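K.L.:
Can you look at this prediction? I've put the sequence above it.
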Amino acid sequence: MIHATSLTMFAGGLPSKDAIELIGATFVPVGTGASEKVVLYAKSLHATAIHCTPSYAIYLADYVRREAKMDPRELGIKKFVCGAEPGAGIPAVRAKITEEWGARVTEGLGNADMVPIIFAECQDQSGMHYNGQEYVYNEIIDPESGEVLPIETGVSGELIYTSLERECSPLLRFRTRDRVTILGTSCKCGRTSYKLRCVGRTDDMLIVLGVNVFPSAVRDVVSSFYPQMTGEVQILLDQPGPGVKPPLRVMAEVGTEAQDQATLQKKVEEKIKSVLTVPAAVQLVPAGTLPRFEMKGQLIRKLYEER
Ligand SMILES: [Zn+2]
């Protein structure tokens, strides 16, 4: 199994290595940004599975066609285990990966604050089973009222974790901010744990290239340019988050003391990149043109139609 994600200080890194080896698979550490090696090892070691983000699975198919001059299916990958961002559970994304590779796609869900991956799909691919009963007690709550919701098919809310066996930093009723929907409480595979899909966030966190970004953090970076910038920003989303195709599109107001706008724009983009580690495309607009809010500011502008 080729591990095409990060290894260090990442919930899907070293813990995944242990899990992959525990089931008897050979762990092939390739990491990110090394598509040439993925192709090389897939061929030379006859790898049959890849662990990566769903967006990488799609990118890699293009890469194989373009650079290796091969049909991705010729590499013989039978399985993609995806995570770190939503996507593998979205029917259109899953269908695309399956079509490109002729491979089965499953996804896993975990949390760096609690335990790595405690939800994962079985061969039925009908949602992620809960597999961490001995370690984590979880609940699903209404994110607004905090009310505990029943574990029943169709229930949707925020996932809450309580550690059962950890002595060091045991988290109690930790709010993941992951919004999940329960897809079933029984399964053809025989497991009796419930199954869910992560459908978004209860806050407005975005994920760009696997990196978590809060719109308020973008605003803070832009505000640091005051008085050249007013600090007012809007993040433009072409499609529902939290996954965002890079670059992150940011509209930001120039202040009254702004001089050379082209240089300023570049400086803001560079600072977002260095502080938040995500690429951004900043569009400068005149002071006073972005909406003001009396209560909590709405920093995200949706350019898509909500269903
Ligand atoms: Zn199952």
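P.N.:
Cool, the structure landed.

K.L.:
contacting residues around residue 146?
P.N.:
Under the criterion of C-beta atoms under 8 Å, 6 or more residues apart in numbering, residue 146 has no neighbours. All C-beta spots, glycine's among them, are computed from the backbone N, C-alpha and C.

K.L.:
From the ion, how far off is it?
P.N.:
In this view, residue 146 and the ion are 30 Å apart by C-beta to the ion, to the nearest Å.

K.L.:
Repeat that for residue 275.
P.N.:
Residue 275 is 42 Å from the ion, by C-beta to the ion.

K.L.:
which element is that residue on?
P.N.:
For residue 275, the element it lies in under DSSP states H and E is helix 261-276.

K.L.:
ok, the closest residue to residue 139 other than its chain neighbours - contacts?
P.N.:
Nearest non-adjacent residue to residue 139, counting by C-beta to C-beta, 6 or more residues apart in numbering: residue 160, 4.4 Å away. Taking C-beta under 8 Å, 6+ apart, we find residue 160 in contact with 138, 139, 140, 141, 173, 174, 175, 176.

K.L.:
Look up the residues forming beta bridges with residue 160.
P.N.:
residue 139, residue 175 (DSSP bridges).

K.L.:
thinking again about what came up before, what residues does the helix holding residue 275 touch?
P.N.:
Contacts with helix 261-276, where a contact means C-beta under 8 Å, 6+ apart, come from 211, 213, 217-218, 221-222, 224-225, 228-229, 248, 250, 252, 254, 258, 278-284.

K.L.:
show me the contacts for the closest residue in space to residue 239 that isn't next to it in sequence.
P.N.:
Distances taken as C-beta to C-beta, 6+ apart place residue 304 nearest to residue 239, at 5.3 Å, with adjacent residues excluded. Residue 304 sits next to 237, 238, 239, 240 when contact means C-beta under 8 Å, 6+ apart.

K.L.:
Look at the third one and give its secondary structure.
P.N.:
When the structure is reduced to helix, strand and coil (DSSP: H, G, I helix; E, B strand; the rest coil), residue 239 reads as coil.
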